[in-house]
Each structure stands twice: as structure tokens, then as C-alpha cells.
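> I would like the atomic coordinates for the input below:
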Amino acid sequence: MPALLRSVWEEPRPSGAPRRVWRDWVLVAALAPAAVVEGVLRPDLPWRILSVAVTVALVPTLLWRRTRPLAMVAVGFGVCGLALLVTRGRFAMDTAAFLLLLPYCLYRWGSGREAVVGSGIVLANLGLSVAVGNTSRTDAVAAVVVLFAFIALGTALRYRARARQREVDQVKLLERERLARDLHDTVAHHVSAMAIRAQAGLATAESNPDAAADALRVIEAEASRALAEMRAMVRVLRHDEPADRAPAPQVADVAGLAGPARLAGLATGTRSGPAVEVELLGDIEALAPPVGTAVYRIAQESVTNARRHARHATRVEVRVAVDDTSVRLSVRDDGQPGAARPGGAPGYGIAGMVERAALLGGVCEAGPDPDGGWTVTALLPRDGAAA
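Below you'll find the predicted structure:
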């Protein structure tokens, strides 16, 4: 119980409290004349001039009810309490019911401390009304019920807005993670390839100028592909590209920036770096787009890591097998046993591969092979069911 009370007391104000809007001015413009009309037409109204003046004077508190809820509760119910004392319990303006909006906003937009203090002010005003004979005990109970209804509504809307904000924050986080994966898989892959080719070109520039020129051509091609994929990603994010300017086939679609049809393109000869051999079993094209994209990206990242970090590797084997329910991916290299990987710990690439598999209800593991080299395996459901 003390922990609950402490959490309520330390509850901060919710963010985004709106300031005055046109509806507030309309409400004020309607309530002030309504109070005057009640004062003129109601024959049994005691202390007519004072009651109307107090009610009209309190109407502007609605303009600050969200940004300064406790101050407005103190002003509104404090002035009403003074009016009860001055009129000896005969202050009874029906228009003053708008003051119920103040405790509602107190619980909707105020902090925990403000809500506790404001509740004390409201209850003290109600107790004073009973003490001076303005309100019977039965009416006081009814007033508490109505007051509680307004407070409960404000509290419910407050926590509903908080839940929605948490959902929005979670969506933003997931989107950031997705963008991080896509950026890593597109940029890092092509930049790594360019770095490897540049190193090979520098090493052979003096002895074999043709090899250096070939490296430059590969670097230019990788840069063009990286730029195309980045443009495709921006196009997907902006959602404003006309239909007649859709991405070219080699550029990815909305489901991802690559597909299973590009798996065979990972294969390379032995001219620079380890040879990459790709074996595809089963109906690769029948995979759901998200699954095909994940398979390609995991394979692409695994090959990139092997080229960058597998010492003395001569071969990288990529094997994709599709059956009726699942797709299994295996990427193995024959690098030096115990070869260290980035920083000795999983990097962003491995984390991205694991996340891609988990989002589709599958698993992905990466680690040293007992027989030497490094192995990445992934098992995904064929239909891409979420975890």
C-alpha cells in the first residue's frame, strides 16, 4: 500500500496538454451569458447579483484547466467556498456545474501531487457546503458519485492516452530496428565488397594493372547497386513515388530490399576472396516475400562476414532447402579454426540476422564450426508466421 501511494504521489504530468483552442472560447462565450440568463429568469435565486458575478468570474478558469489544473481547482472551488460563507450557504447557481470540468482535467492532465491536493480542496468545499446547510447529506452522496464519475473519466482517458503513446513508441522502436537492419544489410554489404576489392586492387596495382582496373570496375558496380538500394529504401519510406516509376526488378520491393531470386547472385569465382558456392533446393520462388527477403539478407550478411573475417578461407558454401513447412539456410566457410569474429562478440550484423528470423517465428544461430570455420544456420517457417 505505501508503494502504491508513493507511486500515485510521484506520478508526473502527462505530456502534450493542449493549450486553449477555439472550443474553449466557445464554451466560455456560452457559459457567461447562460449565467446571466439564469440570474435574470430564476425567481428563487438568493443573492442574485453576487451569485451571477461569482459564476461569471469563474468561467475563465476553463481556459487554463489543462495547463494549470490545480490552480484552477483551487480558484474555482476556493471562491465557491468563500461564496458559501458569505451567503450563509445560499449560493446555488445551476450554471456553476461547469466547475466539474476542473477535477476532470485535474486527473486528466495534472500530476499525482496535484491530484491529491486538488481532491482535498474539492472534498473540503463539499464538506463546507454540507456544514452550512447548502447541501443535504443525501445530495452530498449524489455529488460524490457525480464527482467520482468525472474523475474516473479523466483517469481512464489519461491512461488510455498513455497506453496509446507506449504503442506508438514501440512501433517507432520496431521501425528504427527495421531501418537499422536494412541500412546495415544494404550499405555494409556493398561497402565491405568495395573495401575488399580496393585492398586487392592496391595489392596488385604495380604488378598487374589490369587487376587494379578490374577492381575499380567492381567498386563502381557495387557503389551503383548500393545507391540504387538506398533510393529504393527512401522511396518505400516516403510513399510518394508514382506507380509508373516503380523500382526496377533488381531493386527491392516493399517487403524488403531483396528477394530469393537474388540468392544465386551471391556465387562468385576465386579471383578475389573465397569462392562462394550456392545450392538451392526446393521451390525457392514459392516463399512468402518476407521469408524470401529474410533468407537473402541472412545469406548476404553471412557471406559478407566470411569475406571480411574468415582468415585464409577459400570457400563459402550457401545452402538453402525449402520443404512443405519450412526453409533451412546454412552458410559455412572453411576459414582458419577458431578465427576471431568482429570484436570477439556478435555485432550488428549477427544481431540483425537473429532479429529477422525471430520476427518470422524462426531461429538463427551463428558460431564457430567444430570442424573449422564459421557456420550460420537459420530455420524459418515457409509461410512467415509471426513469432
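
> buried sites along the host helix or strand of residue 212?
Assigned by DSSP states H and E, residue 212 falls within helix 209-238. Residues 211-212, 214-215, 218-219, 222, 225-226, 228-230, 232-233, 235-236 are the ones in helix 209-238 that count as buried (16 or more other Cβ atoms under 10 Å). Every C-beta, even on glycine, is put in place using the N, C-alpha and C of the backbone.

> next helix or strand past the helix or strand containing residue 56?
Using DSSP H and E, residue 56 sits within helix 48-58. Going down the chain from helix 48-58, the next helix or strand is helix 69-86, by DSSP H and E.

> quick revisit: the helix holding residue 56 packs against which elements?
Packing partners of helix 48-58 (3 or more Cβ pairs under 8 Å, 6 or more residues apart in numbering; DSSP states H and E): helix 22-41, helix 69-86.

> C-alpha coordinates for the longest one, CSV please?
Extracted as CSV, the C-alpha positions of helix 22-41 are listed here (Å, rounded to 0.1, in the frame of the first residue of the first chain):
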residue,chain,number,x,y,z
TRP,A,22,-11.4,27.6,-30.2
ARG,A,23,-13.8,25.2,-28.4
ASP,A,24,-12.6,26.7,-25.1
TRP,A,25,-13.5,30.2,-26.2
VAL,A,26,-16.9,29.0,-27.5
LEU,A,27,-17.6,27.3,-24.1
VAL,A,28,-16.7,30.5,-22.2
ALA,A,29,-18.7,32.6,-24.6
ALA,A,30,-21.7,30.3,-24.0
LEU,A,31,-21.5,29.9,-20.2
ALA,A,32,-21.1,33.5,-19.2
PRO,A,33,-24.4,34.6,-20.9
ALA,A,34,-26.0,31.5,-19.6
ALA,A,35,-25.2,32.5,-16.0
VAL,A,36,-26.6,36.0,-16.6
VAL,A,37,-29.8,34.5,-18.1
GLU,A,38,-30.2,32.2,-15.1
GLY,A,39,-29.8,35.2,-12.8
VAL,A,40,-32.5,37.1,-14.7
LEU,A,41,-35.0,34.4,-15.2
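
> quick check: angle from it to helix 48-58?
180 degrees (axes from the mean of the first three to the mean of the last three Cα atoms, to 10 degrees).

> quick one: helix 22-41 to chain centroid distance?
Relative to its parent chain, helix 22-41 has a centroid offset of 42 Å by Cα atoms, centre = their mean, to the nearest Å.
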